[in-house]
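Enquirer: below are the sequence and a predicted model for it; my questions follow.
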Amino acid sequence: MTDELDLSRKAFIGAGATGAGLLGLPVADAFAGRSLRARRLRKRRLAVVREHMSSENSHDFDVTMDTFDHPRYEIIPTGDVYDGPEQVAAYYRDTRAAFPDQRNEGAVFRHADGAVITEFHLLGTMKGTLRGIPPTGRSFKVRMTAFFVFRKNSDGIVAERIYFDLYTFLQQLGLLEAAAASDRRFPANQGIPIKG
Amino acid sequence: MQRREQAIGAAEALRSRREAVVREHMESENDHEFDVTMGTFDHPRYEIVPTAEVFDGPEEVAEYFRATRAAFPDQRNENAVLRYADDAVIVEFDLLGTHRGEIRGIPGTGKSFRCRVCALFLFEQGGEGIICERVYFDQATIAQQIFEQEAT
């Protein structure tokens, strides 16, 4: 249960589009869209996503909030949805109370028509209570993928949808048994098994 | 300008061929036609991020198909949504299955799971054959559905 995949092919898999492509054009041009406008949109979206992720690292959450046209997180493993400024602000407060040093590293970005899709490591040390469970002081490092979803022709995020393995996260923190025993039910509306 | 339009046309054609390859990959998995699935790879490789497992090459990938379908004979995908990046087709889908065979020392429970999964199908520059399927999902979501005892 580590994040240390053998990504021996990662060098070219994750490098994105560079170099000569079809008909000698740079791949980024061949694929980036039908127009200069579309290519500029991709550039702006990438800048917004980078600002979103770096402001989370520096705890400038007002900046993070401004990268949204509509603040919304969808946490797939728990089924949690935080929608609107109040719920998203509470999400920042609660997660950083539990993990004051929560941060992302090693991000790789891909563009699709309605989304920027990133893979990154999320790291943090448990210093505060998480859903009623006292801190263990242990750290986690989990590889994740996040979809930053955009409306057509817009560079404001309307949802960040996150996929990751909650089991790996809980195991690294030493929380599997505490989560299973918690009467707070973790994740919300579900339960966590200690087997498997 | 004409050169640019040709490039765009070629890019669109490549995208639609990759879409067909990924759909064939996912449908053949549902139909247990694993020789077809294998044929959608230029280089067979799975990266299962939650478990940090890598199955590389035809032998390891064939064994991966065998072992997962021994545990979950009806394993299948539904409700796929596809997105297209320069070097990847990125798919969100429901993975379903019924736990019939042993997995990690636990015999089949007869219980079924449904879990939303994200898979990145990666391609070489200009390539139409998959070189890696990298999968993100939550093991706890699956384990809870197939292992956990009913509340009494």
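Expert: Yep, it's here. Numbering: from 1, shown residues only, chains lettered A, B, ... in the order given.

Enquirer: name the element A:Val116 belongs to?
Expert: strand A:115-125 (DSSP states H and E).

Enquirer: tell me which helix or strand comes right after that strand.
Expert: Toward the C-terminus from strand A:115-125 - assigned by DSSP H and E - lies strand A:139-150.

Enquirer: residues in contact with that following strand: which ones?
Expert: Contact with strand A:139-150 is made by A:3, A:5, A:45, A:48-49, A:52, A:69, A:114-126, A:156-165, A:168-169, A:172-173, B:49, B:92, B:118, B:120, B:136, as judged by Cβ atoms under 8 Å, 6 or more residues apart in numbering or on different chains. Glycine gets a C-beta too; all of them are placed from N, C-alpha and C.

Enquirer: contacting residues around the residue nearest to B:Phe113 when sequence neighbours are not counted?
Expert: Spatial nearest neighbour of B:Phe113, excluding adjacent residues (Cβ to Cβ, 6 or more residues apart in numbering or on different chains): B:Gln145 at 4.0 Å. Applying Cβ under 8 Å, 6+ apart to B:Gln145 gives the contacts B:111-115.

Enquirer: longest helix in chain B, please.
Expert: As assigned by DSSP state H, the longest helix anywhere in chain B is helix B:2-30.

Enquirer: quick one: buried residues of that helix?
Expert: Residues B:7-8, B:10-11, B:14, B:18, B:21-22, B:25-26, B:28-29 are the ones in helix B:2-30 that count as buried (16 or more other Cβ atoms under 10 Å in any protein chain shown).

Enquirer: biggest separation within those residues, which pair?
Expert: Farthest pair in those (Cβ to Cβ) is B:Ala7 and B:Glu29. Separation: 33.1 Å.

Enquirer: A strand includes B:Leu95, no?
Expert: Yes: the assignment for B:Leu95 by DSSP: H, G, I helix; E, B strand; the rest coil puts it in a strand.

Enquirer: turn the buried residues of helix B:2-30 into a markdown table, columns for distance to B:Ala80.
Expert: Compiled in a markdown table, the buried residues of helix B:2-30 are given as follows (distance: Cβ to Cβ, whole Å):
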| residue | distance to B:Ala80 |
| --- | --- |
| B:Ala7 | 28 |
| B:Ile8 | 26 |
| B:Ala10 | 25 |
| B:Ala11 | 22 |
| B:Leu14 | 20 |
| B:Arg18 | 14 |
| B:Val21 | 14 |
| B:Val22 | 9 |
| B:His25 | 11 |
| B:Met26 | 6 |
| B:Ser28 | 13 |
| B:Glu29 | 11 |
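
Enquirer: near chain A too, which of those?
Expert: B:7-8, B:10-11, B:14 (Cβ under 8 Å from any Cβ of the partner chain).

Enquirer: next, format the buried residues of helix B:2-30 as JSON lines and append distance to B:Ile103 and pLDDT.
Expert: Shown next, in JSON lines, are the buried residues of helix B:2-30 (distance: Cβ to Cβ, whole Å; pLDDT from 0 to 100):
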{"residue": "B:Ala7", "distance to B:Ile103": "47", "pLDDT": "79"}
{"residue": "B:Ile8", "distance to B:Ile103": "47", "pLDDT": "79"}
{"residue": "B:Ala10", "distance to B:Ile103": "44", "pLDDT": "87"}
{"residue": "B:Ala11", "distance to B:Ile103": "42", "pLDDT": "87"}
{"residue": "B:Leu14", "distance to B:Ile103": "38", "pLDDT": "95"}
{"residue": "B:Arg18", "distance to B:Ile103": "32", "pLDDT": "98"}
{"residue": "B:Val21", "distance to B:Ile103": "29", "pLDDT": "98"}
{"residue": "B:Val22", "distance to B:Ile103": "26", "pLDDT": "98"}
{"residue": "B:His25", "distance to B:Ile103": "23", "pLDDT": "98"}
{"residue": "B:Met26", "distance to B:Ile103": "22", "pLDDT": "98"}
{"residue": "B:Ser28", "distance to B:Ile103": "23", "pLDDT": "98"}
{"residue": "B:Glu29", "distance to B:Ile103": "18", "pLDDT": "97"}
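
Enquirer: and which of the residues you listed is nearest B:Arg45?
Expert: B:His25 (12.6 Å).

Enquirer: verify the stated contact: the closest one with B:Phe121.
Expert: Yes: here B:His25 lies in contact with B:Phe121, judged by Cβ atoms under 8 Å, at a distance of 7.2 Å.

Enquirer: overlap in contacts of the two?
Expert: B:130, B:133.

Enquirer: residue closest to the middle of chain A?
Expert: Residue closest to the average C-alpha location in chain A (Cα atoms, centre = their mean): A:Ala146, at 4.1 Å.

Enquirer: what residues does the helix or strand harbouring A:His52 touch?
Expert: Taking DSSP H and E as the definition, one finds A:His52 inside helix A:36-57. Defining contact as Cβ under 8 Å, 6+ apart, one finds that helix A:36-57 is touched by A:28-29, A:32-33, A:61, A:63-64, A:67, A:102-104, A:107, A:109, A:111, A:116, A:118, A:120, A:148, A:150, A:153, A:155-157, A:160.
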